[in-house]
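J.: Next comes the sequence, and after it the predicted model I'd like to discuss.
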Amino acid sequence: MKRNPPKYQLPEHSPDDAVWQRLETKLDTTELAESGLQVKEPSDFVWSRLDEELKKTDSWRANKIWLRVAAAVILLLGIASVLYLNENRTTVRHEIVVAEAPAFFTEQSEPAPSQILEDLYSENEDAEINDLMAELKQLEEDKRLILQKMRTDESPHMQQLLMEMELDMAALVREISNELR
Amino acid sequence: MRFTEKDIINGCKNGNRKAQKALYEIHKNRMYTLAYRITGNREEAEDALVEGFMKVYKYLHTFRFQSELATWIHTIIARTAYAAVKNRVHFDDIDDHSELSIHLIEVPDDTAYLEKAIMKLPTGYRTVFTLYEIEGYKHREIAEILEISENTSKSQLSKAKALLRQKLNHH
């Protein structure tokens, strides 16, 4: 932007010679700082601040180690808990299953059907009935053995076996009941 | 061997101390005078000169020759000097378009006395008066440097002239 001519011609002033020296010193300092060559003695205050920072770093580092150890312990405990619970769940499940299982999954059940039927007839009354009763007792014994085996083997095969046995027993009981009428 | 302004500029850009000193020597009186009239005292004027020239050397690489170098340096010094006294200045943001007088102040023969009277003006009035009447800045430039409106610059100038006339009339 073009300036207007001055309206008043006033005298000019000169700065002191020392001003250039100040300017030169500043230029030297700036150049040195920019070139990274400036070497100065730090004051004691700088050291005490540095010392403080180092101590903070050391304590932080120590804390970090403890934090890592704590984290590792928590992790291990977590894994152990999961494993423990997992195992217990299986055992508990088995117990629950066993506890909630229908009567024929337990060894201690109601009186065996043969025992109930025996009250209704006397032995030797009928040979056929005797045979059927013997067969029933055999099935009850087999069932008892299967239930015993199912303590450690809950496989579907064993369960299937037990169910078939129950069905056979029920059929036998009906047959015997019919004969007794 | 005579160095041209371009030689000096290039030398300054390369950090050549002789070129830097040459630039300083060429402009020091005018810039110092400007700083002195804005700040009102020698100490602050010298500080402004040092700080101002540091900025000149630092930002010389951005100078695009769209104006004269002296004008560019002048603006830097004006801003630097004003920054030093800014906290002492309060401009009333008066939207007053009227200039109390369009007449020039009757310049006494004793220009030294005129300067004395100018230096006695409050900082704000003195700054605007110096920049407009003595250095030839336009109100738009002054407004930018002092971060005021153009109207404020005009009204401050009017008041400065009125006050100056008063002082000179008592002489």
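T.: Now that the structure is in, tell me what you want to look at.

J.: buried ones in the stretch of helix or strand residue A:160 belongs to?
T.: Using DSSP states H and E, residue A:160 maps to helix A:156-180. Applying a neighbour-count criterion of 16 or more other C-beta atoms under 10 Å in any protein chain shown, one finds A:159, A:161-162, A:165, A:169, A:172-173, A:176 buried in helix A:156-180. Bear in mind the C-beta positions are built from the backbone N, C-alpha and C, glycine included.

J.: what do you get for stretch A:12-25?
T.: A:13, A:15, A:19-20, A:22-23.

J.: picking up where we left off before, quick one: list the elements packing against the helix holding residue A:160.
T.: helix A:113-118, helix A:127-149 (3 or more C-beta pairs under 8 Å, 6 or more residues apart in numbering or on different chains; DSSP states H and E).

J.: Reformat the ones you listed as CSV; add distance to residue B:84.
T.: Output for these, formatted as CSV (distance: least, C-beta to C-beta, whole Å):
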stretch, distance to residue B:84
helix A:113-118, 115
helix A:127-149, 103
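
J.: Which among those is found nearest to chain B?
T.: helix A:127-149 (95.9 Å; C-beta to the nearest C-beta).

J.: Hey, what's the angle from the closest one to helix A:156-180? Just curious.
T.: 160 degrees (axes from the mean of the first three to the mean of the last three C-alpha atoms, to 10 degrees).

J.: Dump helix A:127-149 to PDB, keeping only the CA atoms.
T.: Output of helix A:127-149 as PDB, limited to C-alpha atoms (Å, rounded to 0.1, in the frame of the first residue of the first chain):
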ATOM      1  CA  ALA A 127     -45.800-123.100  37.000                       C
ATOM      2  CA  GLU A 128     -46.300-120.600  34.200                       C
ATOM      3  CA  ILE A 129     -46.600-117.800  36.700                       C
ATOM      4  CA  ASN A 130     -43.500-119.100  38.500                       C
ATOM      5  CA  ASP A 131     -41.500-118.900  35.200                       C
ATOM      6  CA  LEU A 132     -42.700-115.400  34.600                       C
ATOM      7  CA  MET A 133     -41.900-114.400  38.200                       C
ATOM      8  CA  ALA A 134     -38.400-115.900  37.800                       C
ATOM      9  CA  GLU A 135     -37.900-114.000  34.600                       C
ATOM     10  CA  LEU A 136     -39.100-110.800  36.300                       C
ATOM     11  CA  LYS A 137     -36.600-111.200  39.100                       C
ATOM     12  CA  GLN A 138     -33.800-111.800  36.600                       C
ATOM     13  CA  LEU A 139     -34.700-108.600  34.900                       C
ATOM     14  CA  GLU A 140     -34.800-106.700  38.200                       C
ATOM     15  CA  GLU A 141     -31.300-108.100  39.000                       C
ATOM     16  CA  ASP A 142     -30.100-107.100  35.500                       C
ATOM     17  CA  LYS A 143     -31.500-103.600  36.000                       C
ATOM     18  CA  ARG A 144     -29.700-103.300  39.300                       C
ATOM     19  CA  LEU A 145     -26.500-104.200  37.600                       C
ATOM     20  CA  ILE A 146     -27.100-101.600  34.800                       C
ATOM     21  CA  LEU A 147     -27.800 -98.900  37.400                       C
ATOM     22  CA  GLN A 148     -24.600 -99.800  39.100                       C
ATOM     23  CA  LYS A 149     -22.700 -99.500  35.800                       C
END
